[in-house]
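S.K.: Sharing a model prediction with you, sequence too.
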Amino acid sequence: MPDIYKQAAESLFSFQNRVGGLKALCLAQNSSPSATYALSTAVMDNYENLKSIKGITCDNSMNYFHQIVLLHEFQTNGFPNKRLRLSKETRNTISFLKANVDLEPLKAMKPAAIFKPVANRYFRIFQKTNITEFAAALKELNITYTQTQFKNVVVLSELPPSAKLTQFGEFQSIGSCLPVLCFQSIVNKGTLLDLCAAPGSKSLQASESFTVTANELDKRRFNILKKRCEPQNITCINADAFDTIDRIRSNQFDLILLDPTCSSSGTYNQDKALALKLNVGKEKDLEKLVTFQKTILLKALTKGAERGIKYVSYSTCSINDEENEQVVEFVLEQNKKWKLVNVLEEWEVRGLRHKECVRCEEPGNGFFVAVFQRK
Ligand SMILES: C[S@@+](CC[C@H](N)C(=O)[O-])C[C@H]1O[C@@H](n2cnc3c(N)ncnc32)[C@H](O)[C@@H]1O
């Protein structure tokens with residue numbers, strides 16, 4: 001096992017500095033990325049308690065996050081055994097905590113209070129997964145699961161950092177699963193272009209039904225995308241989505257999935273402590289984001305209509321009307337060749353003013369999806 005304490009600390013530190021989403025940062029770690037993600041999310045759930053412990057270095061440095069991660073480990077399992085392959089930094093941080101921090105309050109905290117998850121931990125099971133084997137693996141790890149209304153999406157209970165579930169599926173919030181679930185409810189095969197694809201969750205999900213091309217502008221995020229998607233036969237392109245749209249050939253794709261950068265306001269509750277500190281989604285950014293969202297969606301619809309695209313999905317993990325329904329209204333006004341499709345009728349939470357669209361309003365998992373059909 002690599003030093004996942006250091007890896008989780010690095011991921012949380014980079015997340016705080018807005019280098020990327022927590023999941024993408026953990027998945028970019030070289031070894032045991034899933035264990036790093038499980039540990040990092042458990043630390044996030046516990047963050048309010050951990051940061052209240054006196055004596056830690058409250059400066060938001062990498063060292064601070066290292067202390068937070070190790071306090072969490074101390075709380076749940078005791079300090080890691082120094083004989084494990086721990087990095088020098090982890091060993092030094094353990095010594096610092098032992099010497100300088102009063103650990104008594106942490107010991108006194110009840111695990112039940114500490115482990116109350118803020119958001120549901122969703123897991124999308126691969127179509128190829130043998131459910132009996134998956135259930136047996138969960139039982140062995142003492143993990144319980146609850147079925148959602150979709151047969152391949154479950155909610156998992158608290159995960160031990162050692163949990164290895166990658167052969168069975170992917171951690172993916174139910175909101176994030178919705179765009180592909182919408183497409184799958186309309187068509188069962190075809191070619192799909194994912195325009196803003198990193199870290200690749202929706203491309204991977206879509207590849208279970210469609211032939212997928214995944215496009216991403218940011219080089220760092222593209223590398224993560226490529227690492228995850230190429231083994232699944234997904235073609236990955238490192239380019240600006242605007243240029244990629246220009247290069248679409250006639251009838252090259254049936255579907256476009258557009259999940260552009262947004263304020264992420266729907267995920268606030270999940271990453272509340274850090275999101276508040278980061279002031280994510282402040283108004284100045286929102287205007288810029290909305291302009292980008294409107295421009296890229298309009299371009300996808302306009303070029304898409306010329307090049308034979310049949311359906312376009314537009315999604316965000318934002319709960320703001322400005323980034324969702326207002327964007328949809330803007331493009332429908334500008335381009336009369338498209339109409340909204342009434343998707344996933346069994347999903348109860350619908351769009352504001354447009355019942356054809358779906359929303360997820362669960363704390364920490366806020367999401368919006370609109371699907372356009374060429375008339
Ligand atoms: C919300 S994330 C996509 C998440 C992804 N669909 C998934 O499910 O894993 C938005 C992505 O769009 C990328 N992006 C932003 N502007 C872009 C552009 N002009 N062209 C291509 N990608 C862009 C960002 O770098 C980011 O990785």
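M.R.: Cool, the structure landed. Numbering: from 1, shown residues only.

S.K.: Burial check on Asn49, number of neighbours?
M.R.: Here the number of neighbours of Asn49 (other CB atoms under 10 Å) works out to 17. Heads up, the C-betas are built off the backbone N, CA and C, glycines and all.

S.K.: Any buried residues in whichever helix or strand it is part of, and which?
M.R.: Taking DSSP states H and E as the criterion, Asn49 maps to helix 47-50. Buried residues in helix 47-50, counted by 16 or more other CB atoms under 10 Å: Tyr47, Asn49, Leu50.

S.K.: I'd like those residues written out as TSV, with pLDDT added.
M.R.: Converted to TSV, the buried residues of helix 47-50 look like this (pLDDT from 0 to 100):
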residue	pLDDT
Tyr47	82
Asn49	80
Leu50	86
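
S.K.: will you turn those into JSON lines that also has distance to Glu333?
M.R.: Listed next are the buried residues of helix 47-50 as JSON lines, based on distance: CB to CB, whole Å:
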{"residue": "Tyr47", "distance to Glu333": "43"}
{"residue": "Asn49", "distance to Glu333": "49"}
{"residue": "Leu50", "distance to Glu333": "49"}
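
S.K.: now, which of these sits nearest the ligand?
M.R.: Distance to the ligand across those (CB to the nearest ligand atom) is lowest for Tyr47, with 22.8 Å.

S.K.: I'd say that closest one and Phe65 touch.
M.R.: No: counting by CB atoms under 8 Å, Tyr47 stays clear of Phe65, with 10.1 Å between them.

S.K.: For the stretch 251-375 of the chain, what lies in contact range of the ligand?
M.R.: Asp259, Pro260, Thr261 (CB under 6 Å from any ligand atom).

S.K.: I'd guessed Ile224 sits against Ala24; true?
M.R.: Yes: Ile224 lies in contact with Ala24 (CB under 8 Å); the separation is 5.6 Å.

S.K.: what sits in contact with each of those two?
M.R.: Ala198, Pro199 (CB atoms under 8 Å, 6 or more residues apart in numbering).

S.K.: Excluding chain neighbours, what is closest to the one residue in the stretch 51-200 of the chain that gets nearest to the ligand?
M.R.: Minimum separation of the stretch 51-200 of the chain from the ligand (CB to the nearest ligand atom) falls at Cys196, amounting to 3.0 Å. Spatial nearest neighbour of Cys196, excluding adjacent residues (CB to CB, 6 or more residues apart in numbering): Pro260 at 4.8 Å.

S.K.: residues near that neighbour, how many?
M.R.: 20.

S.K.: cool, Arg228 as well?
M.R.: 24.

S.K.: tell me the contacts of it?
M.R.: Leu27, Pro199, Gly200, Leu204 are the contacts of Arg228 under CB under 8 Å, 6+ apart.

S.K.: Surely the last one is in a strand?
M.R.: What it means is Leu204. No: counting by DSSP: H, G, I helix; E, B strand; the rest coil, one finds Leu204 to be helix, located in no strand.

S.K.: Can you report how many residues neighbour it?
M.R.: Leu204 - counted by other CB under 10 Å - has 24 other residues nearby.

S.K.: need the residues of the stretch 101-250 of the chain near the ligand, please.
M.R.: So far as CB under 6 Å from any ligand atom goes, the stretch 101-250 of the chain lies against the ligand at 176, 196-202, 215-218, 221, 240-242.

S.K.: hang on, the earlier thing: pLDDT score assigned to the residue nearest to Cys196?
M.R.: pLDDT recorded at Pro260 is 97.

S.K.: Surely it and Thr316 touch.
M.R.: Yes: with contact defined as CB under 8 Å, Pro260 counts as touching Thr316 (7.3 Å).

S.K.: Touching both of the two, which residues are there?
M.R.: With CB under 8 Å, 6+ apart, Pro260 and Thr316 have common neighbours Gln293.

S.K.: Strands of the stretch 101-250 of the chain, start to end?
M.R.: Shown for the stretch 101-250 of the chain, the strands assigned by DSSP state E, counting those that start in this stretch span residues 121-125, 145-147, 153-156, 169-171, 191-194, 211-216, 235-238.

S.K.: With mean pLDDT and mean neighbour count as new columns, can the ones you listed be given to me in CSV?
M.R.: Compiled in CSV, the strands of the stretch 101-250 of the chain are given as follows (pLDDT from 0 to 100; neighbours: other CB atoms under 10 Å):
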stretch, mean pLDDT, mean neighbour count
strand 121-125, 91, 22
strand 145-147, 91, 12
strand 153-156, 92, 20
strand 169-171, 90, 21
strand 191-194, 98, 26
strand 211-216, 98, 24
strand 235-238, 98, 18
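
S.K.: what would the ones you listed look like in JSON lines with distance to Cys357?
M.R.: Converted to JSON lines, those look like this (distance: least, CB to CB, whole Å):
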{"stretch": "strand 121-125", "distance to Cys357": "21"}
{"stretch": "strand 145-147", "distance to Cys357": "25"}
{"stretch": "strand 153-156", "distance to Cys357": "20"}
{"stretch": "strand 169-171", "distance to Cys357": "25"}
{"stretch": "strand 191-194", "distance to Cys357": "19"}
{"stretch": "strand 211-216", "distance to Cys357": "23"}
{"stretch": "strand 235-238", "distance to Cys357": "28"}
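
S.K.: For Glu345, find the nearest of these.
M.R.: strand 153-156 (17.4 Å; CB to CB).

S.K.: Need the CA coordinates for the lengthiest helix in the chain. PDB is fine.
M.R.: Assignment by DSSP state H gives helix 283-306 as the longest helix of the chain. Extracted in PDB, the C-alpha atoms of helix 283-306 (Å, rounded to 0.1, in the frame of the first residue of the first chain):
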ATOM      1  CA  GLU A 283     -21.000  36.500  -8.700                       C
ATOM      2  CA  LYS A 284     -18.200  37.800 -10.800                       C
ATOM      3  CA  ASP A 285     -17.400  34.300 -11.900                       C
ATOM      4  CA  LEU A 286     -21.000  33.400 -12.500                       C
ATOM      5  CA  GLU A 287     -21.500  36.000 -15.300                       C
ATOM      6  CA  LYS A 288     -18.400  34.700 -17.100                       C
ATOM      7  CA  LEU A 289     -19.500  31.100 -16.700                       C
ATOM      8  CA  VAL A 290     -23.000  31.800 -18.000                       C
ATOM      9  CA  THR A 291     -21.700  33.500 -21.100                       C
ATOM     10  CA  PHE A 292     -19.400  30.500 -21.700                       C
ATOM     11  CA  GLN A 293     -22.300  28.000 -21.200                       C
ATOM     12  CA  LYS A 294     -24.600  29.900 -23.500                       C
ATOM     13  CA  THR A 295     -22.000  30.300 -26.200                       C
ATOM     14  CA  ILE A 296     -20.700  26.700 -26.200                       C
ATOM     15  CA  LEU A 297     -24.200  25.200 -26.100                       C
ATOM     16  CA  LEU A 298     -25.500  27.500 -28.900                       C
ATOM     17  CA  LYS A 299     -22.500  26.500 -31.000                       C
ATOM     18  CA  ALA A 300     -23.000  22.800 -30.400                       C
ATOM     19  CA  LEU A 301     -26.700  23.200 -31.400                       C
ATOM     20  CA  THR A 302     -26.000  25.300 -34.500                       C
ATOM     21  CA  LYS A 303     -23.100  23.200 -35.900                       C
ATOM     22  CA  GLY A 304     -24.800  20.100 -34.700                       C
ATOM     23  CA  ALA A 305     -27.900  20.700 -36.700                       C
ATOM     24  CA  GLU A 306     -25.800  21.200 -39.800                       C
END
